[in-house]
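Asks: structure for this input, please:
(4 chains)
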2 protein chains.
Amino acid sequence: MSARRHELTRAAARLFAEKGYHGTSIGDLAEAMGVQKGSVYAHIESKADLLWEVASEGAAAFHAALDSVPDEGPVVERIRAALRAHLRVVVEQLDVATVFVREWRYLQGERREEFVAERRRYEERFRALFREGRELGELRTDLDDATAALLALSAANWAYTWLRPGTDTDELADRFTALLLDGMRGYASRQ
Amino acid sequence: MSARRHELTRAAARLFAEKGYHGTSIGDLAEAMGVQKGSVYAHIESKADLLWEVASEGAAAFHAALDSVPDEGPVVERIRAALRAHLRVVVEQLDVATVFVREWRYLQGERREEFVAERRRYEERFRALFREGRELGELRTDLDDATAALLALSAANWAYTWLRPGTDTDELADRFTALLLDGMRGYASRQ
DNA sequence: CCACCTTCCGAACGATCGTTAGTTTTCCTA
DNA sequence: TAGGAAAACTAACGATCGTTCGGAAGGTGG
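Replies: Numbers count the residues shown, from 1 in each chain, chains lettered A, B, ... in the order given. Take a look at the predicted model:
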């Protein structure tokens, strides 16, 4: 991919995140590139190509982040690592993450199906951590692991709406992890 | 508001939630009403009016839901009630909730500012519960209440993406509450 | 029966949409 | 320095966008 083509993808990620896919015109993209709108088609075949590219980049980034989480070791530490990895992607690639979470639904046909499969696979990898934690006894054996995973994924997926560049996401992920692990009830009142 | 006008608002909520605000044309709305697209303007002055109306309806619904939560009594129970109330709105008015959470950002000018203020106020009301819980000692005194509220609000705000009509949201809210309160770590390993 | 109000039709408006095509410029490389 | 590919320009295409407008139904209350 040429340098110019790469710039176009970056502009698309930024504008799709800022104004939405349908709210961004080829003219907007051309203006961001400092070019006439017809010139955009020297690089792409259709506007939908750009959405697909950004969404795929997001899927790859999140999967790569999960790849960095070890397969073994204490589940608690792996959950913490998974949250850290996820939030790091969000804060470092906010535009891409936004498209991955919010704009993907404007994909059509095969691409949409392929994206949904990748997204489902990502969430399944996430969920597996919690299930394993319960099965190995590192989390409470009566844990509702599906709900626990849903809670963690909700925090992860909602983050793009409020996370700002420069935030220390490692510390944030640790706070989430601590809360998920030990809850917020006072120790004294535990029963 | 006439019956026909009310139908138009319902169609707008449904289509905005399904296809997005910019992905929905006046023609789409007209088709849903079984009418020519020019006829839509017998009821509205602009497409933006419909977005404003649905978004406002969402804000009103969520605030009304919080109004049902008592001002006194155990904070833990009030948090549970707030989560129940929120999720009930999501499941019973899924389209409106979706516009409230996802499509509001296409509001412009004063309306956008007014909406953002209402949304902030809602989240602040939610946050206050957690702060009060810590201050009153009903939650752990070293609680990071901002993060705890963020975690709960993330679950609440993300729910529209996966909640399906017919789900028992009271039970779901209770599961979330239980997890938030006591965490998922095994009792034996608590330190 | 008439007047009125709501609703809708049908046609059109200018603007903008995504896209195409032919041509020209730019710049690297052989 | 000539050739060629990449990139951009210019102009236009048909389609669709949100919106306007004059008039025609249709029903309701006086």
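Asks: so is stretch A:40-53 next to chain B?
Replies: No - using C-beta under 8 Å from any C-beta of the partner chain, stretch A:40-53 stays clear of chain B, coming no nearer than 12.4 Å. (Glycine included, C-beta is placed from N, CA and C.)
Asks: what's the mean pLDDT across that stretch?
Replies: The pLDDT scores in stretch A:40-53 average 97.
Asks: same deal with stretch A:105-125?
Replies: Rounded mean pLDDT across stretch A:105-125 is 98.
Asks: could you do stretch A:182-191 as well?
Replies: Here the average pLDDT along stretch A:182-191 is 66.
Asks: what is the helix or strand hosting residue A:17 packed up against?
Replies: For residue A:17, the element it lies in under DSSP states H and E is helix A:3-19. Helices and strands touching helix A:3-19, by 3 or more C-beta pairs under 8 Å, 6 or more residues apart in numbering or on different chains; DSSP states H and E, are helix A:26-33, helix A:47-67, helix A:94-98.
Asks: and the lengthiest helix in chain A, does that touch DNA strand C?
Replies: Longest helix of chain A, by residue count under DSSP state H: helix A:109-135. No - Helix A:109-135 does not reach DNA strand C (C-beta under 7 Å from any atom of the strand); its nearest approach is 12.9 Å.
Asks: following that helix, which helix or strand comes up?
Replies: Counting by DSSP H and E, the element after helix A:109-135 in chain order, helix or strand, is helix A:145-158.
Asks: I'd like to know which elements the next helix or strand after that next one is packed against.
Replies: Moving toward the C-terminus from helix A:145-158, the next helix or strand (DSSP H and E) is helix A:169-182. For helix A:169-182, the packing partners by 3+ C-beta pairs under 8 Å, 6+ apart come out as helix A:75-92, helix A:145-158, helix B:145-158.
Asks: what does helix A:169-182 rub up against?
Replies: A:76, A:79-80, A:83-84, A:86-88, A:90-91, A:148, A:151-152, A:155, A:163, B:144, B:147-148, B:151, B:179-180, B:183-185, B:190 (C-beta atoms under 8 Å, 6 or more residues apart in numbering or on different chains).
Asks: please redo it, this time with the cut-off set to 7 Å
Replies: Here helix A:169-182 makes contact (C-beta atoms under 7 Å, 6 or more residues apart in numbering or on different chains) with A:76, A:79-80, A:83-84, A:87-88, A:91, A:148, A:151-152, A:155, B:144, B:147-148, B:151, B:183-185.
Asks: stretch A:48-67 too?
Replies: Contacts of stretch A:48-67 (C-beta under 7 Å, 6+ apart): A:9, A:12-13, A:16, A:21, A:44, A:82, A:85-86, A:88-89, A:93, A:96-97, A:99-100, A:103-104, A:106-108, A:111, A:115, A:118-119, A:122, A:125.
Asks: put the buried members of those into a PyMOL selection.
Replies: Only the buried entries of these go into this PyMOL selection, using 16 or more other C-beta atoms under 10 Å in any protein chain shown:
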select buried, chain A and resi 9+12+13+16+21+44+82+85+86+88+89+93+96+97+99+100+103+104+106+107+111+115+118+119+122
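Asks: excluding chain neighbours, give the residue nearest to the closest residue to DNA strand D within chain A in space.
Replies: Shortest chain A-to-DNA strand D distance, computed as C-beta to the nearest atom of the strand: residue-wise this is residue A:38, at 2.4 Å. Using C-beta to C-beta, 6 or more residues apart in numbering or on different chains and skipping residues adjacent in sequence, the residue nearest residue A:38 is residue A:30, 8.0 Å away.
Asks: returning to what we had before: take the helices and strands packed on helix A:169-182 and lay them out in CSV including mean pLDDT.
Replies: Listed next are the helices and strands packed on helix A:169-182 as CSV, based on pLDDT from 0 to 100:
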stretch, mean pLDDT
helix A:75-92, 98
helix A:145-158, 97
helix B:145-158, 97
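Asks: contacts only, for the residue nearest in space to the middle of chain A.
Replies: Central residue of chain A (C-alpha atoms, centre = their mean): residue A:97, 4.8 Å from the mean position. Taking C-beta under 7 Å, 6+ apart as the contact definition, residue A:97 lies against A:58, A:89-90, A:160.
Asks: again, but for residue A:147
Replies: By C-beta under 7 Å, 6+ apart, the residues touching residue A:147 are B:175-176, B:179.
Asks: redo that, cut-off 8 Å
Replies: Contacts for residue A:147 (C-beta under 8 Å, 6+ apart) come out as B:172, B:175-176, B:179.
Asks: got a winner among the residues you listed for most neighbours?
Replies: Compared across the contacts of residue A:147, residue B:176 has the highest neighbour count, 27 neighbours, by other C-beta atoms under 10 Å in any protein chain shown.
Asks: and the pLDDT for it?
Replies: 98.
Asks: measure it to residue B:130 for me?
Replies: As defined by C-beta to C-beta, to the nearest Å, residue B:176 lies at a distance of 13 Å from residue B:130.
Asks: joint contacts of the two?
Replies: By C-beta under 8 Å, 6+ apart, the residues touching both residue B:176 and residue B:130 are residue B:152.
Asks: gap between residue A:180 and residue B:176?
Replies: Distance of residue A:180 to residue B:176, computed by C-beta to C-beta: 11 Å.
Asks: any part of stretch A:4-14 near DNA strand C?
Replies: No - contact of stretch A:4-14 with DNA strand C (C-beta under 7 Å from any atom of the strand) is absent, the minimum separation being 10.9 Å.
Asks: only the buried residues of that stretch, if you could.
Replies: For stretch A:4-14, a neighbour-count test (16+ other C-beta under 10 Å) marks A:8-9, A:11-14 as buried.
Asks: could I get those as TSV with distance to residue A:26?
Replies: Listed next are those as TSV, based on distance: C-beta to C-beta, whole Å:
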residue	distance to residue A:26
A:8	11
A:9	14
A:11	11
A:12	10
A:13	15
A:14	15
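Asks: brilliant, that's me finished.
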